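Colleague: Got a predicted structure here, sequence first:
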Amino acid sequence: MKKLLIATTNPGKLLEYNVLFKDLPVKLVTLKDLNITDVAEEDGKTFEENAVKKVEFYSKFVDFPVLAEDGGLEIDHLNGEPGVMSRRWPGHEATDQELVDLAIKKLEGVPMKKRGAQLKVAVAISIDGKVDLFDGVLRGVITEKPEASIIPGFPFRSMFYLPEMAKVLGDMTMEEEAEIAHRKQAIKKALPIIEKYYAGH
């Protein structure tokens, strides 16, 4: 079966991509599957820059298509923080719990109507040396404290509330989330290019 490298070590993202690509005749392989331990430099100023840097870096290791992404949480009240620094928000590589605690602290006393936020992702796909970029955004509200268990690799899902669903993302199954989330939006835009490539190989 034809392969697609999902260039991430995040277990939550891998689960979601398995759902998103379940109907395509493609085998998803991971960095771990290929014993790739080299780490791409993520020093871009935007999600898009980092996604492109990653996909170009990991494309050197394989001769088939590669998908890489960068994304995170942007909180309106904090002028878009943590943004591109989502995982390194405190100034170091933070644990999931540290990130949740920091969000609670920075938004302490802020009323719900001013706690708007968005999850944003930039997905880069490299096929035959050509890189295409796709994005997706999901709007929501940050709750005052976690309302669901923390999903490893997806700390903010525990407090990212969707008014139209009346629940936080962390209370949704991966299948439910995959149907509405920002990653689904980006992949939906990318599918024509992906399907065209695999149909011709």
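Modeller: Arrived safely. Since the structure is predicted, the reported quantities are computational estimates derived from the model, not experimental observations. Numbering: from 1, shown residues only.

Colleague: what residues are up against I193?
Modeller: I125, I127, D132 (CB atoms under 8 Å, 6 or more residues apart in numbering). In this view, the C-beta of every residue, glycine as well, is placed from N, C-alpha and C.

Colleague: quick one: which of the residues you listed is nearest P11?
Modeller: I125 (21.0 Å; CB to CB).

Colleague: helix or strand for the closest one, which one?
Modeller: Element membership for I125 (DSSP states H and E) is strand 116-127.

Colleague: Just the CA trace of that strand, in PDB.
Modeller: The C-alpha trace of strand 116-127 is given here as PDB (Å, rounded to 0.1, in the frame of the first residue of the first chain):
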ATOM      1  CA  GLY A 116     -12.800  33.700  23.200                       C
ATOM      2  CA  ALA A 117     -10.000  31.700  21.500                       C
ATOM      3  CA  GLN A 118      -9.200  29.600  18.500                       C
ATOM      4  CA  LEU A 119      -7.300  26.500  17.700                       C
ATOM      5  CA  LYS A 120      -5.300  27.000  14.500                       C
ATOM      6  CA  VAL A 121      -3.300  24.600  12.400                       C
ATOM      7  CA  ALA A 122      -1.100  24.900   9.300                       C
ATOM      8  CA  VAL A 123      -0.600  21.700   7.400                       C
ATOM      9  CA  ALA A 124       2.200  21.400   4.900                       C
ATOM     10  CA  ILE A 125       2.300  18.500   2.400                       C
ATOM     11  CA  SER A 126       5.300  17.700   0.300                       C
ATOM     12  CA  ILE A 127       4.700  15.600  -2.900                       C
END
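
Colleague: Sheet-wise, list the partners of it with their directions.
Modeller: strand 66-75 (antiparallel), strand 130-142 (antiparallel) (DSSP bridges).

Colleague: What lies in contact with the last one?
Modeller: By CB under 8 Å, 6+ apart, the list of residues contacting strand 130-142 from outside reads 47-48, 51-52, 55-56, 75, 103, 107, 112, 115-125, 156, 159-163, 169, 180-187, 189-190, 193.

Colleague: One more pass at 7 Å, please.
Modeller: Applying CB atoms under 7 Å, 6 or more residues apart in numbering, the external contacts of strand 130-142 come out as 48, 51-52, 55-56, 75, 103, 107, 112, 115-125, 159-163, 180-186, 189-190, 193.

Colleague: Of these, which count as buried by neighbour count?
Modeller: Buried members of the contacts of strand 130-142, counted by 16 or more other CB atoms under 10 Å: 48, 51-52, 55-56, 75, 103, 107, 115, 117-125, 159-162, 181-186, 190.
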